[in-house]
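Asker: Here's my sequence, what's the structure:
(3 chains)
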Amino acid sequence: MNLTTYITEPAGLQSFYEAIVATNETYAPVEKLGKFDYKQIKTPPECQPDSPIEQTMSIKPLFFPKSARVMKYEATAEGTDVTDTTEDPLAGKRVILGVKHCDARGLQVLDEVYKWDYIDTDYQKRRENTIIISARCEQAATHCFCTSLDYDVEQSDAMDVAVINGLDGKVYIQARTEKGEHFLKENASGLAATNGSALEEMKKQYQAFSGSFRLKMDYKEINGKMQSRFESPAFEEVATNCVSCNTCAFVCPTCHCFKITDERIRDEGVRYKSYDSCNNIYFTLMAGGHNPRPAKYRRWRQRAMHKFVYYKERFGVNLCVGCGKCTISCPVNISIFEVVNQVSNV
Amino acid sequence: METELKDKIVSIEKPAIEAPPEWKPMIMGILCNWCSYAGSDLTGTSRIQYPPDIRIIRVPCSSRVDPWFIIKSLQAHADGVLISGCHPGDCHYISGNYYARRRFLVTKKLLNFVGLHEDRVQFSWVSAAEGAKFAQVVAKVSEDIRKMGPLHLYKKENTR
Amino acid sequence: MDYTMQIQDTAARLFSEEKIDLFIGYRSTGFDNNQVPVLIHHYQDVEQLVFTDKSVFNLTNYLKYEYTRNKRVGLVVKGCDSRSLNLMLTENQVKRENLFIIGIACEGVMNEQGEKAQNCVECVMPDAVIYDELLGAPTGQREYQVNADINELAEQPLIERGTHFEEIFENCIRCNACRHSCPLCYCNKCCIDQETSTLYQGSNTTSGAFHALMTWSLHLAGRCVDCRNCEKACPSHLPLHLLHKQNEQVIYENFQEHLAGMIKDDRGAFYKYSMSDPDDFIM
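Answerer: Below you'll find the predicted structure:
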């Protein structure tokens, strides 16, 4: 597979974006109430592809909606009439601009669980129909630690096209997958393809980026140590501050738990599949009243172990991508980085 | 029909939507057992006519009405809510309607604040002897709601 | 406003006299000038404690958990926090004899942008109303100010207001961080979460958010002390104070200038009544 890199000026990038927005259904970070959220856009100036990582929601809701309709039912004189809700507004071909590397990786991690056991066709359809264009961060935010995890941020193929603002003022647009290569052939016709020298510049940009990280850890060591820490009393300590809200899971690019709820009004009803979180006290409540995880530290243990042990054992990847969104959104700033480090170093 | 409405109706109280000609309002009536419910009974036994748009729920006291009931009624396809209890001082439980009165004022103001017309949620004191007044009250509420048209409270599907 | 030393001294004294099992205060996270709550169990940890104008979280929220309920707790409260503590005491959620309260005569805390927070500008009672030890010079109760955002919104036409709130409800992700960080939301199971109820609506739609936020704010009406823990906790940055301040204003104007938690044994505006309450909106 031969992947091309294109070189352009910032103005060229702008017209590249404009061309995409004009011909495709495009999603990009849009500011709402001081927070950047991926919304559909009609013109490029509405969005900020280089939005700060800290204030950006993940792209998870575009693939796994915060509340999706599963089915509709209606009581009629003949009986109950059940219909699939086939109308999926997100199933068309679309492009997402300004995706962070961690978010894109989050989807790769999610793919593992979505193609295992039960195949979620809605998710697969959305994945297939989407082109992801990333924008590499120029600097790490306070709580980021993506370079410390088990994926190569520099050469990641989680996105289809990577846009890199080089230190020399040029913009490098690089295809990372075959899908991205085809997409660029169609959409980057005005741009010049480049040769090996671009790789040097991209490497320089990456080095500047990876040098700006405050948080660093060795994921192999953490993975190894966490396995034997199930009974660790440190979980109790790290969980005391937690207020048991669901924020961390809802903003996380890889959390994928959901609940099923029915909303019935008179004879009609809709069944929804909405986000849920293991930090919710009722998450494990069973019919009959037994709750295996009533205490806060048990729920936190589940969260940390699932991210760094269970998922790794089953699928070979960590469920954490190091984006730091949970820490920023947390009412009391509990950091998953600090939690796993504290627990494994006791 | 539903898909058509879905695109148009975004927020509460958007005036652009025209009611279909056969539309009739649905009013959720929450009545206190001791006065208003007996009052509505009297309306019936006295053969006083009033618009057939109201669906009545009987509660022990107007103080039993949690603001949640009002919110849920509006979400569950009701176009308006009428809550009725005993006159102040007549409460079967001595002071229930005094407490209720405070809650109703706050609920009404808050619903109005978030964009709901103030006539959507109405309150009245109807005693067991006021059959005629109950008919008048329902007629007024029904007329108010007919003027405003159907309520579509955040019906737009939000799958994002 | 920096009471770090005084609080450390008091906490150390309380631990050495064995008056408390646990101290709830703030610690600095070490970056962005941020502070987070910290629960201290040992004498040697008191050095972590700080108190500056970045100590925003309402610590009385931690009194609702099992692991603090029956312990002797020392904690730091600002003016607004002390009002919520007053309500928790009145509603029998905590025992007064278990608490050692360090009250602060607060000068206002900073928001994320480094300005004085809006609720502090409009604060009615900056001094702690209940305390065992008071730090700072009390300035007394101030005059009630109508919230600027409420004023602005109230002048807008109905439909614009509706559109504004629709955007708010649409951006809600229903993570319930608002509820969980509210010290007065101590119910074991929130009514909104009762999935067996016919009123239950669990979906994450605009309608679901309307349902949850409106019910929640009306259940807090007359009790909300405007500490804005909910708003600071919200990951979507929703202006939740609009709902609470609107209720507070209606209650203040109509029910004998009632303010939540100012006096001990005052249960809130909906737990009392007056013959002269407004009646003109009722037919």
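Asker: Write out the residues of the stretch 51-200 of chain A neighbouring chain C.
Answerer: Counting by CB under 8 Å from any CB of the partner chain, the positions of the stretch 51-200 of chain A adjacent to chain C are A:66-67, A:142. Every residue, glycine included, has its C-beta placed from N, CA and C.
Asker: ok, of the residues you listed, which one's closest to chain C?
Answerer: Distances from chain C to these, taken as CB to the nearest CB, are shortest for A:Ser67 (3.4 Å).
Asker: Now do the same for the nearest residue to that closest one once chain neighbours are set aside: its pLDDT.
Answerer: Once its chain neighbours are removed from consideration, A:Ser67 has its nearest residue in C:Asn204; the separation is 3.4 Å (CB to CB, 6 or more residues apart in numbering or on different chains). Here the pLDDT value assigned to C:Asn204 is 86.
Asker: To which secondary structure element is C:Asn204 assigned?
Answerer: When elements are defined using DSSP states H and E, C:Asn204 is found to belong to no helix and no strand.
Asker: Wait, it touches C:Arg174, no?
Answerer: Yes - taking CB atoms under 8 Å as the contact criterion, C:Asn204 and C:Arg174 are neighbours in contact, 5.0 Å apart.
Asker: Just want the residue of the stretch 101-250 of chain A that's nearest chain C.
Answerer: Using CB to the nearest CB, the single residue of the stretch 101-250 of chain A nearest to chain C is A:Cys245, 3.8 Å away.
Asker: List the residues that contact C:Ala10.
Answerer: Just so we're on the same page, residue C:10 is Thr rather than Ala. The neighbours of C:Thr10, taking CB atoms under 8 Å, 6 or more residues apart in numbering or on different chains as the test, are C:74, C:102, C:133.
Asker: hmm, back to that, tally of neighbours for the residue of the stretch 101-250 of chain A closest to chain C?
Answerer: Residue crowding around A:Cys245 was assessed by other CB atoms under 10 Å in any protein chain shown; the count is 25.
Asker: And C:Gln8, by the same measure?
Answerer: In terms of burial, C:Gln8 registers 18 neighbours under the definition other CB under 10 Å.
Asker: So the residue of the stretch 101-250 of chain A closest to chain C sits against A:Pro331, correct?
Answerer: Yes - the pair A:Cys245 and A:Pro331 qualifies as a contact (CB under 8 Å) at a distance of 6.5 Å.
Asker: distance of the spatially most central residue of chain C from chain A?
Answerer: The centre of chain C sits closest to C:Cys227, judged by CA atoms, centre = their mean, with a distance of 3.5 Å. In this view, C:Cys227 and chain A are 12 Å apart by CB to the nearest CB, to the nearest Å.
Asker: can you check C:Val94 too?
Answerer: 17 Å.
Asker: returning to what we had before: which of C:Asn204 and C:Arg174 has more neighbours?
Answerer: Counted by other CB under 10 Å, C:Asn204 and C:Arg174 do not tie: C:Asn204 has more neighbours, with 29 against 25.
Asker: Need phi/psi at the residue nearest to A:Ser67.
Answerer: Summarising the backbone geometry of C:Asn204 under the convention degrees, to the nearest 10, its torsions are phi -100, psi 30.
Asker: ditto for A:Ala135
Answerer: Taking degrees, to the nearest 10, you get phi -130, psi 120 for the backbone angles of A:Ala135.
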